[in-house]
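Peer 1: Kindly generate the corresponding structure for this input.
(chains A, B, C and D)
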Number of protein chains: 2
Amino acid sequence: MGKAKKYRSNCLQYLALDVFGDKWTLLIIRDMIIEGKKYFREFLKSKEKIASNILASRLQAMEEEGIIHKKNDPQHKQKIIYLLTEKGIDLFPILMENARWSMKYQPVDREDAKKAQAILDGGPEAIQAIMEKLKKEHLTE
Amino acid sequence: MGKAKKYRSNCLQYLALDVFGDKWTLLIIRDMIIEGKKYFREFLKSKEKIASNILASRLQAMEEEGIIHKKNDPQHKQKIIYLLTEKGIDLFPILMENARWSMKYQPVDREDAKKAQAILDGGPEAIQAIMEKLKKEHLTE
DNA sequence: TTATTTTGATTTTATTTTGCAACTGGTTTT
DNA sequence: AAAACCAGTTGCAAAATAAAATCAAAATAA
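Peer 2: Below you'll find the predicted structure:
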(Lines give C-alpha, C1' and ligand atoms only; values in the text may rest on other atoms or scores of the structure.)
Protein backbone atom coordinates (compact mmCIF):
# COMPACT_ATOMS: atom_id res chain seq x y z
CA MET A 1 0.00 0.00 0.00
CA GLY A 2 1.28 3.44 -0.91
CA LYS A 3 1.96 5.90 1.84
CA ALA A 4 0.12 8.68 -0.01
CA LYS A 5 0.44 11.89 1.92
CA LYS A 6 -2.77 13.81 2.34
CA TYR A 7 -2.40 17.38 1.15
CA ARG A 8 -4.57 20.37 1.85
CA SER A 9 -4.54 21.01 -1.89
CA ASN A 10 -2.67 19.83 -4.97
CA CYS A 11 -1.86 23.33 -6.12
CA LEU A 12 1.60 23.93 -7.55
CA GLN A 13 2.42 26.57 -4.96
CA TYR A 14 1.06 24.74 -1.96
CA LEU A 15 2.95 21.57 -2.79
CA ALA A 16 6.19 23.52 -3.08
CA LEU A 17 5.65 25.50 0.11
CA ASP A 18 4.71 22.32 1.92
CA VAL A 19 8.33 21.20 1.48
CA PHE A 20 10.34 24.40 1.83
CA GLY A 21 7.88 27.16 2.76
CA ASP A 22 9.10 27.61 6.31
CA LYS A 23 11.59 29.85 7.98
CA TRP A 24 14.61 27.55 7.91
CA THR A 25 14.67 24.98 5.12
CA LEU A 26 15.93 27.26 2.34
CA LEU A 27 18.51 28.77 4.68
CA ILE A 28 19.90 25.30 5.36
CA ILE A 29 19.92 24.61 1.62
CA ARG A 30 21.75 27.92 1.15
CA ASP A 31 24.36 26.87 3.73
CA MET A 32 24.86 23.60 1.87
CA ILE A 33 25.08 25.12 -1.62
CA ILE A 34 26.70 28.50 -1.04
CA GLU A 35 28.77 27.86 2.07
CA GLY A 36 29.49 24.22 1.38
CA LYS A 37 28.39 23.10 4.83
CA LYS A 38 27.93 19.40 5.52
CA TYR A 39 27.93 18.87 9.29
CA PHE A 40 25.36 19.54 12.03
CA ARG A 41 27.76 21.78 13.94
CA GLU A 42 28.45 23.83 10.82
CA PHE A 43 24.75 24.56 10.31
CA LEU A 44 24.51 25.66 13.94
CA LYS A 45 27.04 28.39 13.22
CA SER A 46 24.93 30.10 10.53
CA LYS A 47 24.45 33.85 10.76
CA GLU A 48 20.83 33.42 11.81
CA LYS A 49 21.69 31.17 14.77
CA ILE A 50 19.27 28.29 14.44
CA ALA A 51 18.64 26.35 17.67
CA SER A 52 19.89 22.79 17.77
CA ASN A 53 16.47 21.24 18.33
CA ILE A 54 14.99 23.16 15.41
CA LEU A 55 17.91 22.16 13.23
CA ALA A 56 17.53 18.51 14.17
CA SER A 57 13.82 18.49 13.39
CA ARG A 58 14.34 20.39 10.12
CA LEU A 59 17.05 18.02 8.93
CA GLN A 60 14.81 15.08 9.71
CA ALA A 61 11.88 16.61 7.83
CA MET A 62 14.12 17.44 4.88
CA GLU A 63 15.34 13.89 4.75
CA GLU A 64 11.77 12.58 4.87
CA GLU A 65 10.89 14.90 1.98
CA GLY A 66 13.84 13.54 0.06
CA ILE A 67 15.71 16.80 -0.49
CA ILE A 68 18.74 15.74 1.57
CA HIS A 69 20.30 12.42 2.57
CA LYS A 70 22.64 11.38 5.35
CA LYS A 71 25.95 9.58 5.07
CA ASN A 72 28.39 8.34 7.68
CA ASP A 73 31.76 10.04 7.68
CA PRO A 74 34.36 7.32 7.04
CA GLN A 75 37.01 9.34 8.94
CA HIS A 76 34.93 10.20 12.02
CA LYS A 77 32.69 7.46 13.36
CA GLN A 78 30.73 10.14 15.21
CA LYS A 79 30.17 12.53 12.34
CA ILE A 80 27.24 12.51 9.93
CA ILE A 81 27.55 14.11 6.50
CA TYR A 82 24.44 15.82 5.19
CA LEU A 83 24.24 15.91 1.40
CA LEU A 84 21.73 17.15 -1.13
CA THR A 85 19.67 14.87 -3.33
CA GLU A 86 18.84 15.83 -6.90
CA LYS A 87 15.48 17.05 -5.60
CA GLY A 88 17.36 19.33 -3.23
CA ILE A 89 19.85 20.53 -5.83
CA ASP A 90 16.91 21.50 -8.01
CA LEU A 91 15.99 24.11 -5.41
CA PHE A 92 18.97 26.18 -6.51
CA PRO A 93 17.10 28.06 -9.27
CA ILE A 94 14.57 29.10 -6.64
CA LEU A 95 17.35 30.44 -4.45
CA MET A 96 18.60 32.44 -7.41
CA GLU A 97 15.17 33.94 -8.07
CA ASN A 98 14.95 34.87 -4.40
CA ALA A 99 18.36 36.48 -4.70
CA ARG A 100 17.31 38.45 -7.76
CA TRP A 101 14.27 39.79 -5.91
CA SER A 102 16.22 40.62 -2.74
CA MET A 103 18.84 42.53 -4.68
CA LYS A 104 16.12 44.66 -6.23
CA TYR A 105 14.21 45.45 -3.06
CA GLN A 106 16.15 44.65 0.11
CA PRO A 107 19.22 46.06 1.87
CA VAL A 108 21.44 43.13 0.99
CA ASP A 109 25.08 42.64 1.82
CA ARG A 110 27.13 44.02 -1.07
CA GLU A 111 29.57 41.13 -1.22
CA ASP A 112 26.77 38.57 -1.36
CA ALA A 113 25.06 40.60 -4.07
CA LYS A 114 28.20 40.74 -6.19
CA LYS A 115 28.58 36.97 -6.14
CA ALA A 116 24.93 36.39 -6.94
CA GLN A 117 24.93 38.95 -9.74
CA ALA A 118 27.91 37.23 -11.33
CA ILE A 119 25.93 34.01 -11.51
CA LEU A 120 22.78 35.71 -12.80
CA ASP A 121 24.83 37.44 -15.48
CA GLY A 122 25.90 34.02 -16.69
CA GLY A 123 22.28 33.19 -17.47
CA PRO A 124 20.60 29.79 -17.07
CA GLU A 125 23.79 28.10 -18.27
CA ALA A 126 25.75 29.37 -15.27
CA ILE A 127 23.06 28.08 -12.93
CA GLN A 128 23.03 24.72 -14.69
CA ALA A 129 26.81 24.51 -14.44
CA ILE A 130 26.69 25.02 -10.69
CA MET A 131 24.02 22.37 -10.36
CA GLU A 132 26.10 19.90 -12.33
CA LYS A 133 29.01 20.54 -10.01
CA LEU A 134 26.76 20.03 -7.00
CA LYS A 135 25.58 16.72 -8.40
CA LYS A 136 29.17 15.49 -8.62
CA GLU A 137 29.81 16.48 -5.01
CA HIS A 138 26.56 15.41 -3.41
CA LEU A 139 25.30 12.44 -5.37
CA THR A 140 28.59 10.54 -5.09
CA GLU A 141 27.93 7.06 -3.90
CA MET B 1 15.41 59.44 11.42
CA GLY B 2 15.12 56.33 9.28
CA LYS B 3 12.98 53.48 10.47
CA ALA B 4 15.68 50.95 9.65
CA LYS B 5 14.39 47.49 10.34
CA LYS B 6 16.78 45.31 12.29
CA TYR B 7 17.42 42.06 10.49
CA ARG B 8 18.89 38.87 11.83
CA SER B 9 21.20 38.93 8.82
CA ASN B 10 21.55 40.77 5.51
CA CYS B 11 21.83 37.59 3.50
CA LEU B 12 20.01 37.47 0.17
CA GLN B 13 17.93 34.49 1.19
CA TYR B 14 17.07 35.65 4.66
CA LEU B 15 15.89 39.03 3.43
CA ALA B 16 13.64 37.37 0.87
CA LEU B 17 12.22 34.83 3.30
CA ASP B 18 11.66 37.56 5.85
CA VAL B 19 9.02 38.97 3.48
CA PHE B 20 7.40 35.89 1.95
CA GLY B 21 8.92 32.86 3.69
CA ASP B 22 5.82 31.87 5.58
CA LYS B 23 2.97 29.52 4.94
CA TRP B 24 0.49 31.99 3.46
CA THR B 25 2.02 35.01 1.73
CA LEU B 26 2.86 33.34 -1.58
CA LEU B 27 -0.52 31.60 -1.62
CA ILE B 28 -2.25 34.97 -1.34
CA ILE B 29 -0.02 36.30 -4.12
CA ARG B 30 -0.96 33.24 -6.17
CA ASP B 31 -4.65 33.98 -5.60
CA MET B 32 -4.13 37.55 -6.77
CA ILE B 33 -2.06 36.68 -9.85
CA ILE B 34 -3.48 33.35 -10.99
CA GLU B 35 -7.05 33.55 -9.76
CA GLY B 36 -7.44 37.31 -10.10
CA LYS B 37 -8.73 37.71 -6.55
CA LYS B 38 -9.04 41.20 -5.10
CA TYR B 39 -11.37 41.05 -2.11
CA PHE B 40 -11.02 39.77 1.45
CA ARG B 41 -13.92 37.35 1.01
CA GLU B 42 -12.38 35.95 -2.15
CA PHE B 43 -9.14 35.11 -0.36
CA LEU B 44 -11.09 33.38 2.39
CA LYS B 45 -12.48 30.98 -0.21
CA SER B 46 -9.06 29.64 -1.26
CA LYS B 47 -8.57 25.88 -1.43
CA GLU B 48 -6.41 25.88 1.67
CA LYS B 49 -9.03 27.63 3.83
CA ILE B 50 -7.13 30.38 5.56
CA ALA B 51 -8.70 31.66 8.80
CA SER B 52 -9.97 35.21 8.70
CA ASN B 53 -7.72 36.50 11.47
CA ILE B 54 -4.66 35.05 9.79
CA LEU B 55 -5.72 36.56 6.48
CA ALA B 56 -6.20 39.96 8.07
CA SER B 57 -2.81 39.92 9.75
CA ARG B 58 -1.10 38.63 6.58
CA LEU B 59 -2.66 41.33 4.40
CA GLN B 60 -1.55 43.95 6.88
CA ALA B 61 1.99 42.60 6.99
CA MET B 62 2.10 42.41 3.20
CA GLU B 63 1.01 46.02 2.96
CA GLU B 64 3.68 47.07 5.47
CA GLU B 65 6.27 45.23 3.40
CA GLY B 66 5.06 47.08 0.34
CA ILE B 67 4.11 44.09 -1.79
CA ILE B 68 0.41 44.95 -1.88
CA HIS B 69 -1.62 48.14 -1.51
CA LYS B 70 -5.23 48.83 -0.61
CA LYS B 71 -7.75 50.84 -2.55
CA ASN B 72 -11.33 51.78 -1.79
CA ASP B 73 -13.92 50.32 -4.10
CA PRO B 74 -15.74 53.22 -5.76
CA GLN B 75 -18.89 51.09 -6.17
CA HIS B 76 -19.05 49.67 -2.66
CA LYS B 77 -17.91 52.07 0.02
CA GLN B 78 -17.48 49.10 2.36
CA LYS B 79 -15.30 47.00 0.12
CA ILE B 80 -11.54 47.24 -0.04
CA ILE B 81 -9.65 46.25 -3.16
CA TYR B 82 -6.29 44.58 -2.60
CA LEU B 83 -3.81 45.15 -5.41
CA LEU B 84 -0.21 44.22 -6.04
CA THR B 85 2.62 46.72 -6.07
CA GLU B 86 5.53 46.36 -8.47
CA LYS B 87 7.45 44.73 -5.61
CA GLY B 88 4.65 42.19 -5.37
CA ILE B 89 4.36 41.62 -9.10
CA ASP B 90 8.07 40.87 -9.14
CA LEU B 91 7.36 37.79 -7.03
CA PHE B 92 5.82 36.13 -10.07
CA PRO B 93 9.12 34.67 -11.38
CA ILE B 94 9.55 33.03 -7.98
CA LEU B 95 6.09 31.49 -8.23
CA MET B 96 7.05 30.13 -11.64
CA GLU B 97 10.24 28.55 -10.30
CA ASN B 98 8.23 26.97 -7.51
CA ALA B 99 5.81 25.66 -10.12
CA ARG B 100 8.64 24.19 -12.18
CA TRP B 101 9.98 22.37 -9.12
CA SER B 102 6.56 21.10 -8.02
CA MET B 103 5.80 19.74 -11.47
CA LYS B 104 9.03 17.77 -11.38
CA TYR B 105 8.64 16.29 -7.90
CA GLN B 106 5.12 16.64 -6.49
CA PRO B 107 1.70 15.14 -7.26
CA VAL B 108 0.32 18.30 -8.78
CA ASP B 109 -3.10 18.85 -10.28
CA ARG B 110 -2.84 18.13 -14.01
CA GLU B 111 -4.85 21.14 -15.13
CA ASP B 112 -2.71 23.52 -13.06
CA ALA B 113 0.41 21.90 -14.46
CA LYS B 114 -0.74 22.33 -18.05
CA LYS B 115 -1.31 26.04 -17.60
CA ALA B 116 2.03 26.54 -15.86
CA GLN B 117 3.90 24.53 -18.47
CA ALA B 118 2.43 26.67 -21.22
CA ILE B 119 3.89 29.75 -19.57
CA LEU B 120 7.27 28.12 -18.92
CA ASP B 121 7.40 27.00 -22.57
CA GLY B 122 7.11 30.64 -23.53
CA GLY B 123 10.37 31.38 -21.77
CA PRO B 124 11.25 34.54 -19.84
CA GLU B 125 9.38 36.61 -22.41
CA ALA B 126 6.07 34.95 -21.54
CA ILE B 127 6.67 35.64 -17.87
CA GLN B 128 7.57 39.25 -18.60
CA ALA B 129 4.44 39.65 -20.70
CA ILE B 130 2.25 38.47 -17.84
CA MET B 131 3.99 40.86 -15.48
CA GLU B 132 3.41 43.77 -17.82
CA LYS B 133 -0.27 42.90 -17.95
CA LEU B 134 -0.38 42.72 -14.15
CA LYS B 135 1.19 46.17 -13.94
CA LYS B 136 -1.56 47.61 -16.08
CA GLU B 137 -4.23 46.04 -13.89
CA HIS B 138 -2.72 46.64 -10.48
CA LEU B 139 -0.71 49.83 -10.67
CA THR B 140 -3.48 51.88 -12.25
CA GLU B 141 -3.92 55.06 -10.35
C1' DT C 1 -38.19 52.37 7.22
C1' DT C 2 -37.04 48.42 9.32
C1' DA C 3 -34.81 43.97 8.88
C1' DT C 4 -31.34 41.22 6.84
C1' DT C 5 -27.13 40.42 4.70
C1' DT C 6 -22.41 41.51 3.59
C1' DT C 7 -18.23 43.88 4.42
C1' DG C 8 -13.30 43.72 6.44
C1' DA C 9 -11.92 42.78 10.33
C1' DT C 10 -11.37 41.70 15.89
C1' DT C 11 -11.88 38.88 20.05
C1' DT C 12 -11.54 34.74 22.44
C1' DT C 13 -9.79 30.44 23.32
C1' DA C 14 -7.07 26.48 22.00
C1' DT C 15 -3.32 24.29 19.68
C1' DT C 16 1.07 24.16 17.40
C1' DT C 17 5.51 25.83 16.51
C1' DT C 18 9.56 28.01 17.80
C1' DG C 19 13.25 29.35 20.90
C1' DC C 20 16.53 28.85 24.64
C1' DA C 21 19.59 26.57 27.71
C1' DA C 22 21.25 22.79 29.70
C1' DC C 23 22.38 18.17 29.08
C1' DT C 24 23.48 13.27 27.05
C1' DG C 25 26.17 9.19 25.63
C1' DG C 26 29.58 8.55 23.01
C1' DT C 27 34.17 9.88 20.10
C1' DT C 28 38.21 12.16 18.97
C1' DT C 29 42.01 15.09 20.17
C1' DT C 30 45.54 16.73 23.17
C1' DA D 1 43.26 10.89 31.50
C1' DA D 2 41.27 15.34 30.52
C1' DA D 3 39.37 18.36 27.39
C1' DA D 4 37.03 19.28 23.35
C1' DC D 5 33.85 17.79 19.97
C1' DC D 6 29.94 15.01 17.90
C1' DA D 7 24.83 14.74 16.68
C1' DG D 8 21.33 15.18 18.85
C1' DT D 9 17.53 15.27 23.24
C1' DT D 10 14.90 17.24 27.09
C1' DG D 11 12.11 20.51 29.64
C1' DC D 12 9.99 24.58 29.70
C1' DA D 13 8.56 29.31 28.18
C1' DA D 14 7.18 32.30 24.59
C1' DA D 15 5.38 33.25 20.25
C1' DA D 16 2.86 32.17 16.16
C1' DT D 17 -1.04 30.00 14.19
C1' DA D 18 -5.77 28.33 14.03
C1' DA D 19 -10.94 27.84 14.59
C1' DA D 20 -15.08 29.91 15.97
C1' DA D 21 -17.74 33.48 17.46
C1' DT D 22 -18.53 38.21 17.26
C1' DC D 23 -18.34 43.21 15.66
C1' DA D 24 -19.90 47.81 13.69
C1' DA D 25 -20.56 50.04 9.40
C1' DA D 26 -22.59 49.81 5.08
C1' DA D 27 -25.33 47.89 1.48
C1' DT D 28 -29.43 45.48 0.13
C1' DA D 29 -34.24 43.68 0.56
C1' DA D 30 -38.76 43.91 2.50
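Peer 1: any weak-confidence spans in chain A?
Peer 2: Across chain A, the ranges flagged by pLDDT under 70 are A:1-4, A:141.
Peer 1: again, only using 80
Peer 2: A:1-6, A:141 (pLDDT under 80).
Peer 1: Dead centre of it: give me the residue that sits there.
Peer 2: residue A:29 (1.6 Å; CA atoms, centre = their mean).
Peer 1: Can you tell me, leaving aside adjacent residues, what's nearest to residue A:18?
Peer 2: residue A:7 (6.7 Å; CB to CB, 6 or more residues apart in numbering or on different chains). Just so you know, the C-beta spots here come from the backbone N, C-alpha and C atoms, and that holds for glycine as well.
Peer 1: what's the burial count for that neighbour?
Peer 2: 15 (other CB atoms under 10 Å in any protein chain shown).
Peer 1: my read: it touches residue A:17, true?
Peer 2: No. The pair residue A:7 / residue A:17 is not scored as a contact, 10.9 Å apart, by CB atoms under 8 Å.
Peer 1: how big is the angle separating the top helix by length along chain A from helix B:123-138?
Peer 2: Counting by DSSP state H, the longest helix found in chain A is helix A:123-138. Between helix A:123-138 and helix B:123-138, the angle comes out at 120 degrees (axes from the mean of the first three to the mean of the last three CA atoms, to 10 degrees).
Peer 1: Excluding its own residues, what touches helix A:123-138? List them.
Peer 2: Contact with helix A:123-138 is made by A:33, A:83-86, A:88-90, A:92-93, A:96, A:119-120, A:122, as judged by CB atoms under 8 Å, 6 or more residues apart in numbering or on different chains.
Peer 1: just stretch A:18-25 next, same as before
Peer 2: Here stretch A:18-25 has contacts from A:7-8, A:26, A:29, A:50, A:54-55, A:58, A:61-62, A:65, A:67, A:91, A:94, B:17, B:21-23, B:26, B:106, using CB under 8 Å, 6+ apart.
Peer 1: Show me those that map onto strands.
Peer 2: Of the contacts of stretch A:18-25, none are assigned to strands by DSSP state E.
Peer 1: and DNA strand D, which of those reach it?
Peer 2: B:22, B:23 (CB under 7 Å from any atom of the strand).
Peer 1: Next, count neighbours for the residue in chain A that DNA strand C sits nearest to.
Peer 2: Closest residue of chain A to DNA strand C, CB to the nearest atom of the strand: residue A:77 (3.0 Å). Residue A:77 is flanked by 7 other residues according to other CB under 10 Å.
Peer 1: How about residue A:131?
Peer 2: 17.
Peer 1: Same question for residue A:109.
Peer 2: Residues lying near residue A:109 (other CB under 10 Å) number 16.
Peer 1: cool, the one 5 residues further on as well?
Peer 2: Using other CB under 10 Å as the criterion, residue A:114 is surrounded by 10 other residues.
Peer 1: Which secondary structure element is home to it?
Peer 2: Using DSSP states H and E, residue A:114 maps to helix A:110-121.
Peer 1: and that helix, is it in reach of chain B?
Peer 2: Yes. Applying CB under 8 Å from any CB of the partner chain, one finds helix A:110-121 touching chain B at A:112, A:113, A:116.
Peer 1: isn't the first one right up against residue B:11?
Peer 2: Yes. In this structure residue A:112 lies within contact range of residue B:11 using CB under 8 Å: 6.2 Å.
Peer 1: the more surrounded of the two?
Peer 2: Neighbours were counted for residue A:112 and for residue B:11 using other CB under 10 Å; residue B:11 has more, 24 against 19.
Peer 1: separation between that one and residue B:38?
Peer 2: Plainly put, residue B:11 is 34 Å away from residue B:38 if you go by CB to CB, to the nearest Å.
Peer 1: With residue A:46 instead?
Peer 2: Taking CB to CB, one finds residue A:46 at 39 Å from residue B:38.
Peer 1: same check, this time on residue A:49
Peer 2: Counting by CB to CB, the gap from residue A:49 to residue B:38 is 40 Å.
Peer 1: interface residues of chain A facing DNA strand C?
Peer 2: So chain A meets DNA strand C at A:22-24, A:49-54, A:57, A:76-78 (CB under 7 Å from any atom of the strand).
Peer 1: Thanks again, I'm all set now.
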